[in-house]
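J.: need a 3D model of the sequence below.
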Amino acid sequence: MELPFTGFHKEKDNPVERLFWGRSPVHFATSLCHFRKATRIQRLLHQLKYKGNTPVGEVLGIELGRQIRDSPHFGRIDAIAPVPLHPKKERVRGYNQSLFIANGIASVLETRVEPQLITRVHNNATQTRRNRFERYRNVETVFQVKEPELYYGKHILLVDDVITTGSTLEACCNSLAQSEKDQARVSIATLAVA
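T.: The predicted structure follows:
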């Protein structure tokens, strides 16, 4: 009850969706909460991302899944793709927090999670202190889709923990957009929007 829910799952052309206008072909986008410093959502995300508290990701993913299920804008989701970490970074952290969020969503939507659909082929520097342009340049070529033909015409849900400028998700979307004719339809869901 104390989380700053956005309600964006009910709004077409919401602020998260508008982040991608003119940048990537996104069907629909939403975030569960507004990210605010020194709040419960920041503490929960910190626990998920840096303290190994992966059940937080699943529980919040379930809530996000309920919003997606009840939204008039998403439609059927064929597969969920968590935004990947580079294998080196994942080994150091021990897990990909987006995978736990995706698992929570999948349990509600009764669809499959495809953690290997998109891979991170370059281990780029952190995005934390970069501006929007620097963030995009930092990630524009780091993602690759394995076997894109398996996803032609499918509705893919990209999942991440927090969206700031949208550069990482934009790069993932663009890696899925192999051709105008056969590309996957892509939607986006995150736990928070900054």
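J.: find the nearest non-adjacent residue to residue 117, please.
T.: residue 81 (4.3 Å; CB to CB, 6 or more residues apart in numbering). Backbone N, C-alpha and C define where each C-beta goes, glycine included.
J.: secondary structure element for the one you found?
T.: For residue 81, the element it lies in under DSSP states H and E is strand 79-82.
J.: ok, then the element right after that strand?
T.: Next along the chain from strand 79-82, counting by DSSP H and E, comes helix 87-93.
J.: distance from the chain centre to that next one, please.
T.: The chain centroid and the centroid of helix 87-93 are separated by 18 Å under CA atoms, centre = their mean, to the nearest Å.
J.: contact partners of it?
T.: 84-85, 96, 120, 123 (CB atoms under 8 Å, 6 or more residues apart in numbering).
J.: what's the answer for stretch 35-44, then?
T.: 2-4, 33-34, 45, 56, 60, 162, 191-194.
J.: look at residue 12 and say how many residues are nearby.
T.: 10 (other CB atoms under 10 Å).
J.: enumerate every residue touching it.
T.: Applying CB under 8 Å, 6+ apart, the residues near residue 12 are 28, 73.
J.: mind listing what the residue nearest to residue 20 when sequence neighbours are not counted touches?
T.: In space, not counting the residues next to it along the chain, residue 20 is nearest to residue 26; the distance is 4.2 Å by CB to CB, 6+ apart. Each residue near residue 26 by CB under 8 Å, 6+ apart is listed here: 17, 20, 173, 186-188.
J.: now secondary structure and distance to residue 73 too, for those residues, in CSV please.
T.: CSV is the format used below for the contacts of residue 26 (DSSP: H, G, I helix; E, B strand; the rest coil; distance: CB to CB, whole Å):
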residue, secondary structure, distance to residue 73
17, helix, 9
20, coil, 14
173, helix, 17
186, strand, 13
187, strand, 8
188, strand, 12
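J.: for those, which one is nearest residue 68?
T.: In terms of CB to CB, no member of those lies closer to residue 68 than residue 187, at 8.3 Å.
J.: from what I can see that closest one touches residue 154, true?
T.: No: with contacts defined as CB atoms under 8 Å, residue 187 does not count as touching residue 154, sitting 11.3 Å away.
J.: these two: which has the busier surroundings?
T.: More crowded of residue 187 and residue 154, by other CB under 10 Å: residue 187, with 23 against 17.
J.: and that one, what does it touch?
T.: Per CB under 8 Å, 6+ apart, neighbours of residue 187: 26-29, 74, 77, 155-158.
J.: next SSE downstream of the one helix or strand in the chain whose mean pLDDT sits lowest?
T.: None of the helices or strands of the chain scores lower by mean pLDDT, DSSP states H and E than helix 132-139, at a mean of 58. Once helix 132-139 ends, the next helix or strand along the chain (criterion: DSSP H and E) is strand 143-145.
J.: noted, bye for now.
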